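Undergrad: predicted coordinates and the sequence they were generated for:
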Amino acid sequence: MIKALYTVIENTPLAVKTFRMVLEPTLSFRSGGEISPRGEFVHIAVPGFYLRRPLSVCDCEDGKLTVVYKVVGEGTKVLSETRVGTVLEVLTGLGRGFDLDACRQDALLVGGGLGVPPLYLLAKELKARGKKVRAVLGFNKADEIILAEEFRSVCDEVVISTADGSFGVKGFVTDALKALCPPYDYYYTCGPMVMMRAVCATLEGPGEASLEERMGCGAGFCYGCSIETKNGPRRVCKDGPVFKMEELAW
Amino acid sequence: MVKDLTVDLGGIRLKNQVIPASGTFGFGLELASDMDLDVLGGISLKGTTREARYGNPTPRIAECESGMINSVGLQNPGIDVLVQEKVPALRKVYGGCVIANISGFSLDEYRECCAKADACEGIDIIEVNISCPNVHNGGMAFGTDARSAAEVTAAVKAVCRKPVFIKLSPNVTDIVAIARACEDAGADGLTLVNTFLGMRIDIARRKPVIANKMGGFSGRAVFPVALRMVYQVAHACQVPVMGCGGVASARDVIEMMMAGATAVQVGAENLRNPFACPEIIAELPRVMEELGIDSLKEIISAV
């Protein structure tokens, strides 16, 4: 975990209530600490709010972090109004992320809504390791679709579904999965819990899911985000947010 | 001039008076790779019960103005794991004062857990939590009544050789009466305050934010109330007080000590900033210089 200052160099709307923020490292609070390795999420202090906001990392290049977030409350609303040039205090290097080596050759990425952004960095890293990457991305409706072009530029195949049928396959990601039966030896999923449970029930074989939970410290010492797993209680912020499917007690 | 941050706490010498509060710093080990733990005057470990507990359902955390509510519900691996695994592992990376925080649902449980903590070599002080607002029929039930607070204190003192601090609840009418009852029953010191029972509602969902409906409110917002209680108790009792509640800066530490605290615990601030304690410790000499204080010992109960 590293506490560092980042400057907002982009904060633009991507879709309805959804924004992309690009952060550039300004100053590390700790000498010798390398700024942001591929932490699975960052914990951003929003001025005027008591607790930080955990956001998954959508991209990470030359130390610059991209996060994609949706305005769901007062904190994210203030974040969306943050101007370019504002300096934010960020904790990076948090959480245990996707297991890149679990996939032999064919990776299947299944994302829903705001669960889509972290899969982009995953797709890039899997491609860099020479894997075939197919993505099935689900949204409620066409105007909520995000990052479609970005995914197309790195994936071998991208399928988009919308619940109302306003774009792509009509229905949920599970409908798209059943219709298309994409080949894979390992799957990765991130999205609403109900979606990930359905994905787990639909897909055969091994996979993993990135979970979300209301957090306190974000670094594993307050035990505010514990979930019950088949191996006992686990902290989403520290032991996760990515968990192997067989570990999850759903 | 070199500033003296040392204090004597129930016969134990601390290199400084800043201690992360129980429940806001895990078992110390969680942060061992992120900071030099040895800068800390002490560490109050996560509240521990006889059996392992999973704790309360999530969400366990609710944000508030200048504070937060938690309802973790004493998630812990049980006293045996604490004394056999957690404390020995912490001792490999930490040489300061280790405070075990013990909670229970019966006098027997308090007695058994405290005896085990007392026998554990790596533990210096036993902090008895009679003030957890997040578990039913335990915790706070013992701390809101002077007689039962005294009963727990006497039961624990009978099995402990190490200093016993009783951690008090602010959710009472007269905290001084409870503090006095604990002192009369043999407490070597008092920690105050634990969290304030609070609640938030998600007005869009029309449901409590916290799964367990209510939880313990803490953070900067509670500082004046905690300070007032520390002041009242420190002036009414002879035993040392660890002041706790809303402390977020070196100035807050000094203010708590002037109110009567011998040592100061930092709680919710650790959740906002995991480096809060080392930063406060680093800041203290500068603030002491500004205020003309050479030794923090001299300002305890200065007001």
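TA: Sure, I can see it. Numbers count the residues shown, from 1 in each chain, chains lettered A, B, ... in the order given.
Undergrad: tally up the residues packed near the closest residue to B:Gly267 other than its chain neighbours, please.
TA: Excluding the flanking residues, the one nearest B:Gly267 by C-beta to C-beta, 6 or more residues apart in numbering or on different chains is B:Ala21, at 3.7 Å. To be clear about C-beta, it is placed using only N, CA and C from the backbone, and glycine gets the same treatment. For B:Ala21, the neighbour count with other C-beta atoms under 10 Å in any protein chain shown is 28.
Undergrad: and the residue of chain A closest to chain B?
TA: Closest residue of chain A to chain B, C-beta to the nearest C-beta: A:Phe221 (3.5 Å).
Undergrad: SS state for the closest residue to that residue other than its chain neighbours?
TA: Once flanking residues are discounted, A:Phe221 sits nearest to B:Gly26: 3.5 Å by C-beta to C-beta, 6+ apart. Secondary structure state of B:Gly26, per DSSP: H, G, I helix; E, B strand; the rest coil, is coil.
Undergrad: next one: B:Ala234
TA: helix.
Undergrad: so what's the residue count around the closest residue to it other than its chain neighbours?
TA: Using C-beta to C-beta, 6+ apart and skipping the chain neighbours, the partner closest in space to B:Ala234 is B:Gly260 (2.4 Å). Neighbourhood size, B:Gly260 [other C-beta under 10 Å]: 23.
Undergrad: what helices and strands are in contact with the helix or strand of chain A with the lowest mean pLDDT?
TA: Across the helices and strands of chain A, mean confidence by mean pLDDT, DSSP states H and E is lowest for strand A:18-28: a mean of 89. Applying 3 or more C-beta pairs under 8 Å, 6 or more residues apart in numbering or on different chains; DSSP states H and E, one finds that strand A:18-28 contacts strand A:2-15, strand A:64-70, helix A:74-80, strand A:87-94.
Undergrad: now mean neighbour count too, for those, in CSV please.
TA: Listed next are the helices and strands packed on strand A:18-28 as CSV, based on neighbours: other C-beta atoms under 10 Å in any protein chain shown:
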stretch, mean neighbour count
strand A:2-15, 17
strand A:64-70, 21
helix A:74-80, 17
strand A:87-94, 22
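Undergrad: CSV for the ones you listed, including mean pLDDT?
TA: Listed next are the helices and strands packed on strand A:18-28 as CSV, based on pLDDT from 0 to 100:
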stretch, mean pLDDT
strand A:2-15, 94
strand A:64-70, 95
helix A:74-80, 97
strand A:87-94, 93
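Undergrad: turn these into JSON lines, columns for distance to B:Asn270.
TA: Shown next, in JSON lines, are these (distance: least, C-beta to C-beta, whole Å):
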{"stretch": "strand A:2-15", "distance to B:Asn270": "13"}
{"stretch": "strand A:64-70", "distance to B:Asn270": "24"}
{"stretch": "helix A:74-80", "distance to B:Asn270": "20"}
{"stretch": "strand A:87-94", "distance to B:Asn270": "12"}
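Undergrad: check contacts around the residue nearest to B:Ala234.
TA: Going by C-beta atoms under 8 Å, 6 or more residues apart in numbering or on different chains, B:Gly260 touches B:Val230, B:Tyr231, B:Val233, B:Ala234, B:His235, B:Val241, B:Gly243, B:Ile300, B:Ser301, B:Val303.
Undergrad: what's the closest of the residues you listed to chain A?
TA: When these are compared against chain A (criterion: C-beta to the nearest C-beta), the nearest one is B:Gly243, at 20.8 Å.
Undergrad: for the closest residue to the closest one other than its chain neighbours, give me phi and psi.
TA: Once flanking residues are discounted, B:Gly243 sits nearest to B:Ala261: 3.0 Å by C-beta to C-beta, 6+ apart. Note on B:Ala261: its backbone torsions stand at phi -80, psi 140 [degrees, to the nearest 10].
Undergrad: so where is the chain shaky, pLDDT-wise?
TA: No chain specified, so I'll use chain A. A:27-39 (pLDDT under 70).
Undergrad: um, chain B though
TA: B:1, B:136-139.
Undergrad: write out the residues of it neighbouring chain A.
TA: Residues of chain B found near chain A (C-beta under 8 Å from any C-beta of the partner chain) are B:23-26, B:30-31, B:34, B:46, B:54-55, B:58-68, B:70, B:72, B:75, B:219-220, B:270-275.
Undergrad: which of the contacts of B:Gly260 are buried?
TA: B:Val230, B:Tyr231, B:Val233, B:Ala234, B:Val241, B:Gly243, B:Ile300 (16 or more other C-beta atoms under 10 Å in any protein chain shown).
Undergrad: isn't the residue nearest to B:Gly267 right next to B:Cys244, touching?
TA: Yes: with contact defined as C-beta atoms under 8 Å, B:Ala21 counts as touching B:Cys244 (5.3 Å).
Undergrad: quick check: neighbours shared by those two?
TA: By C-beta under 8 Å, 6+ apart, the residues touching both B:Ala21 and B:Cys244 are B:Gln265, B:Val266, B:Gly267.
Undergrad: so which of the residues you listed wins on neighbours?
TA: Most surrounded of the shared contacts of B:Ala21 and B:Cys244: other C-beta under 10 Å gives B:Gln265, at 32 neighbours.
Undergrad: and the closest residue to chain A within the stretch 101-250 of chain B, how close does it get to B:Leu271?
TA: When scored by C-beta to the nearest C-beta, the stretch 101-250 of chain B has B:Gly219 as its residue closest to chain A, at 6.0 Å. Separation of B:Gly219 from B:Leu271 (C-beta to C-beta, to the nearest Å): 9 Å.
Undergrad: need the residues touching each of those two.
TA: B:Met68.
Undergrad: convert the helix or strand containing A:Ser153 to CSV, retaining C-alpha atoms only.
TA: Here A:Ser153, judged by DSSP states H and E, is contained in helix A:148-154. Extracted C-alpha coordinates of helix A:148-154, given in CSV (Å, rounded to 0.1, in the frame of the first residue of the first chain):
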residue,chain,number,x,y,z
ALA,A,148,-16.8,-0.8,-26.3
GLU,A,149,-14.1,0.5,-28.6
GLU,A,150,-11.3,0.1,-26.1
PHE,A,151,-12.3,-3.6,-25.6
ARG,A,152,-12.5,-4.1,-29.4
SER,A,153,-9.0,-2.8,-29.8
VAL,A,154,-7.5,-5.4,-27.4
